[in-house]
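Asker: sharing a model prediction with you, sequence too.
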Amino acid sequence: MTKLFQINVVANSGSTGRIAEKIAQIAINHGWDCYMAYGRWCTTSNSHLVKIGNKLSVGFHYCMSRIFDCQGLASFFATYSLIRRIEKIHPDIIHLHNVHGYYLNYPLLFNYLSAHDYPVVWTLHDCWAYTGHCPHYTSAKCTKWVSGCYDCPNLKKYPASFFDNSKANYRRKSYYFNKIKNLTIVSVSNWLSKEIHKSFLKKNRIVTISNGVDISMFRPIDSDVREKYGIGSCFLVIAVATWWTEGKGFGDFMQLANIVDKDVKLIMVGVSNNQMNSLPRNIIGIQRTENISELVQLYSAADLYVNFSIEESFGLTTAESLSCGTPVLVYDSTACPDIVTPKTGFVVPPHDLLEANRVIEHVKTVGKSFYSENCRQYALNHLDDTLCYEQYLSLYKKILHK
């Protein structure tokens, strides 16, 4: 039986965890035996779960990273134990996802993988793999990663650090991440693929496999959100984030609330307790949720979905909204416009809130129904996660055939 061994910071939780779970389910349906190694937390999985390290090792790794900017350089014993499990299982394909997150020692892992010539697929869900520090650099307008990082402008952002070790990190990553001969890098968007081709990873085979959504779950439904929150017939704008930061558009959404008409209501999902207290009256704050049914209710009730992020490798919430038949508004930045067409939504310049408000007024005039069918059809044609992630199985088979 062919064995797939995936490694990610979480298992069947969050966007990357659910993506890995869907890939495993497709492989299992084709008779594969699947393992999921994770470092932080998990929910029930169809794969055999392999825990990497423990709270103590994660805490130590976090402290070392926070002080010395050494993300991915602690967790030695946890990674050694992982390697022992890999040796015991002896998988046919190893699929990496996020190897950052305070749980894995990448020099130790990549040395082992290169020495044993495992076929490795590595899906990049962000930009961390080819920078000296950060998973995103657009808001800092930094291009140092193209030739060599130094004096990092993003030290205060994840993974936050007191000292700048970006120059050494960049060189170290370039060395270890290029050691594996049988490595295929997967980009989740056309934008990210172009960036990778500028980086030190460009020597490897690079393919693009778009993320997808479960179109059977994310679909237009009758929603009670308007009654639940007392919105009535007001025009409803929603925005969803795992954590709201300035890079995700928190400040812009606050400003938008000040300029929209009184008949416009806004909902923000993913708001922290502290942020909740600062919301204006026309914004309804909802804490982070992984309850898909709740998200579908929200997407379906909205007249317009807004993604004010300027740093997206794909834009999963945008895809989820389209699948629920709700048009979208995104900034013209990173991968955000990749899945938006004139028939499904709007692309506006970053931070142009007046233009964003004009879009709201336009959709109010023509109605959500003018876009809904096109949004849903686009999702059916391009965002069906089964069709998207079956491409991984095809990729695995090509690699094994070689």
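Answerer: Perfect, thanks for sending it.

Asker: residues touching L329, list them.
Answerer: With CB atoms under 8 Å, 6 or more residues apart in numbering as the criterion, the residues that contact L329 are L304, Y305, V306, N307, G345, F346, V347, V348, A356, V359, I360. Where C-beta positions appear, they are placed from N, C-alpha and C, glycine not excepted.

Asker: those helices in the stretch 1-150 of the chain, which residues are they?
Answerer: 14-29, 55-68, 76-89, 106-116 (DSSP state H, counting those that start in this stretch).

Asker: check which residues of the second one are buried.
Answerer: Just to be clear, that refers to helix 55-68. The neighbour-count criterion (16 or more other CB atoms under 10 Å) identifies S57, V58, H61, Y62, M64, S65, R66 as the buried residues of helix 55-68.

Asker: skip the chain neighbours and tell me the closest residue to the second one.
Answerer: Once flanking residues are discounted, V58 sits nearest to Y102: 5.0 Å by CB to CB, 6 or more residues apart in numbering.

Asker: pretty sure that neighbour contacts L73?
Answerer: No - counting by CB atoms under 8 Å, Y102 stays clear of L73, with 10.5 Å between them.

Asker: these two: who's more crowded?
Answerer: Y102 (23 against 20; other CB atoms under 10 Å).

Asker: if I pick the more buried one, what's in contact with it?
Answerer: Applying CB under 8 Å, 6+ apart, the residues contacting Y102 are G39, R40, V58, H61, Y62, S65, Q71, A74, S75, P159.

Asker: adding distance to A241, write those out as TSV.
Answerer: What follows is the contacts of Y102, written out as TSV (distance: CB to CB, whole Å):
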residue	distance to A241
G39	23
R40	19
V58	23
H61	25
Y62	22
S65	23
Q71	22
A74	28
S75	28
P159	19
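
Asker: please produce a markdown table containing these, extended by distance to N291 and pLDDT.
Answerer: What follows is the contacts of Y102, written out as a markdown table (distance: CB to CB, whole Å; pLDDT from 0 to 100):
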| residue | distance to N291 | pLDDT |
| --- | --- | --- |
| G39 | 24 | 97 |
| R40 | 20 | 96 |
| V58 | 26 | 97 |
| H61 | 30 | 98 |
| Y62 | 28 | 97 |
| S65 | 31 | 97 |
| Q71 | 31 | 97 |
| A74 | 34 | 97 |
| S75 | 31 | 98 |
| P159 | 28 | 94 |
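
Asker: circling back to that earlier point, for the contacts of L329, which one is nearest Y378?
Answerer: When the contacts of L329 are compared for distance to Y378 (CB to CB), G345 wins out at 9.4 Å.
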